[in-house]
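Novice: Any chance you could fold what I've pasted below:
(one chain, ligands or ions: 1)
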Amino acid sequence: MASRVGIACYPTYGGSGVVATELGLALADRGHDVHLFSYARPTRLAAWHEGIEFHNVTVSSYPLFRFPPYDLALASSMREVMAEKCLDILHVHYAVPHALCAYLARQMLPGAPTRIVTTLHGTDITILGRDPSYREVIRFGLLQSDAVISVSQWLADQTREVFDYDGPIDVVPNFVDGSRFRPRSDPGVRESFCGVGRPLLVHTSNFRPLKRAVETLDVLELLGPESDALLLLIGDGPDLSHVRDEAGRRGLLDRVRFLGEIEEVAPLLAAADVALFPSESESFGLAALEATACGIPVVASNVGGVPEVLTDGVTGFLHDVGDTEAMAASVTRLLTDVDLRQRMSEAGVERARSEFSLTRVLALHEELYARVIANGP
Ligand code: GMT
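Specialist: I've put the predicted structure just below:
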């Protein structure tokens with residue numbers, strides 16, 4: 001049965017906003033009436049899409065406000081839409097502050113039937129959850145949610161540990177839309193960067209320090225001067241200028257291309273040979289999943305939920321955080337052994353299709369929504 005679903009997320013280039021928006025698009029395509037809340041149009045909601053109404057949360061400034069209260073503006077917008085559209089579900093992505101805003105909105109409408117679903121994505125638990133300024137308020141947000149989703153078993157375990165939380169947690173993984181994230185043979189994309197024969201490495205992220213993006217340069221250097229591999233860096237964020245400076249300082253500028261934020265990354269991923277993700281923490285690793293779905297073996301850090309997404313030695317290679325020598329050795333293996341690369345590529349595509357397909361994970365969300373609606377207030 002079609003539902004009226006509100007979704008709140010951060011709009012920026014990052015996994016939680018991507019997952020929330022892609023889920024909203026897919027729910028709308030299935031006939032649900034979707035209302036998306038954010039402070040700017042999310043990256044993956046580039047254009048108008050039938051079935052989704054975007055609610056741009058604006059925060060007024062006032063001389064007394066040193067910190068304009070975004071959370072109150074968001075709660076107010078949620079309350080308004082909840083009342084007008086009679087939302088069945090308000091699904092918030094990233095606990096802070098969204099779970100609390102949803103709670104506040106519902107408190108403002110006594111008797112509202114709206115059920116609150118909170119998806120935990122990572123640093124809302126692993127970093128903010130450990131911060132005494134936020135711990136108790138996040139825990140309260142979880143307890144007030146009608147369902148709590150974690151994107152990996154690892155993050156569910158962290159949540160129990162950090163908050164001493166023993167309520168139910170549904171592990172529902174992130175997903176990829178296989179119609180877009182798929183292998184393609186499009187020599188044009190490759191040709192435009194480096195010609196067909198030159199090895200192509202790729203890294204996509206929001207360039208926060210925990211992504212350790214500068215280590216992609218270490219790996220490139222460790223491949224040695226005889227390698228003519230080219231590294232594509234996709235995305236933007238606080239560490240990008242440091243990475244750019246380092247590339248210049250190390251004389252690597254002719255071996256690295258900085259592409260910035262790109263709306264449709266799938267064709268670029270599919271053109272590459274190996275993807276690199278040296279993060280120090282990752283509750284899931286959506287970017288790694290998107291790469292494997294495109295048929296690209298991944299070399300990544302063995303952290304958090306990453307081993308739930310990538311199978312070491314089968315769909316990629318996992319190494320200790322910071323072990324760039326081992327990462328470079330794995331990249332060299334993949335670049336020199338075409339059969340290995342092909343086997344890993346096929347295994348990655350197969351796993352993305354069987355475990356993390358949009359169809360499968362969308363159905364898990366629909367089942368969960370039906371369950372919490374049936375449980376009632
Ligand atoms: O927690 C964050 O760092 C933010 C969040 C985001 O919006 O990018 O990233 C997390 O959520 C993604 C989608 O579920 C996961 O793929 C990322 O692994 C996770 N990041 C971390 O855990 C560091």
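Novice: Which of the helices and strands in this structure ranks last by mean pLDDT?
Specialist: Taking mean pLDDT, DSSP states H and E as the measure, helix 187-193 is the helix or strand of the chain with the lowest mean score, a mean of 73.
Novice: Could you check stretch 38-51 against the ligand for contacts?
Specialist: No. Stretch 38-51 lies out of reach of the ligand by CB under 6 Å from any ligand atom, never closer than 10.7 Å. In short, each C-beta sits where N, CA and C put it, glycine included.
Novice: pull the CA atoms of the least confident helix or strand of the chain into PDB?
Specialist: Presented in PDB, the C-alpha positions along helix 187-193 are these (Å, rounded to 0.1, in the frame of the first residue of the first chain):
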ATOM      1  CA  PRO A 187      36.200   3.900 -24.300                       C
ATOM      2  CA  GLY A 188      35.200   7.600 -24.800                       C
ATOM      3  CA  VAL A 189      35.200   8.400 -21.100                       C
ATOM      4  CA  ARG A 190      38.600   6.700 -20.600                       C
ATOM      5  CA  GLU A 191      40.000   8.200 -23.800                       C
ATOM      6  CA  SER A 192      39.200  11.700 -22.500                       C
ATOM      7  CA  PHE A 193      41.400  11.300 -19.500                       C
END
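Novice: Going by neighbour count, list what's buried in it.
Specialist: Buried residues in helix 187-193, counting neighbours by 16 or more other CB atoms under 10 Å, are found at 189-190.
Novice: and it, how far from the chain's centre?
Specialist: Centroid separation between helix 187-193 and its chain, computed with CA atoms, centre = their mean, to the nearest Å, is 27 Å.
Novice: again, but for stretch 209-220
Specialist: Its chain's average C-alpha position is 19 Å from that of stretch 209-220, according to CA atoms, centre = their mean.
Novice: just stretch 2-18 next, same as before
Specialist: On the basis of CA atoms, centre = their mean, stretch 2-18 sits 11 Å off its chain's mean C-alpha point.
Novice: State the distance spanning the first to the last residue of it.
Specialist: Stretch 2-18 stretches 23 Å from its first residue to its last (CA to CA, to the nearest Å).
Novice: Quick check: buried residues in that stretch?
Specialist: Residues of stretch 2-18 classed as buried: 3-18 (neighbour count, 16+ other CB under 10 Å).
Novice: what's the answer for stretch 52-69, then?
Specialist: Those buried within stretch 52-69 under the rule 16+ other CB under 10 Å are 52, 54-55, 57.
Novice: Spell out which two among those are the most distant pair, please.
Specialist: Pairwise distances across the buried residues of stretch 52-69 (CB to CB) peak at 15.4 Å, for the pair 52 and 57.
Novice: Apart from its neighbours in sequence, what residue is nearest residue 26?
Specialist: Excluding the flanking residues, the one nearest residue 26 by CB to CB, 6 or more residues apart in numbering is residue 362, at 5.0 Å.
Novice: For the one you found, pull up the helix or strand it's in.
Specialist: helix 358-375 (DSSP states H and E).
Novice: and what of residue 259?
Specialist: Assigned by DSSP H and E, residue 259 belongs to strand 256-260.
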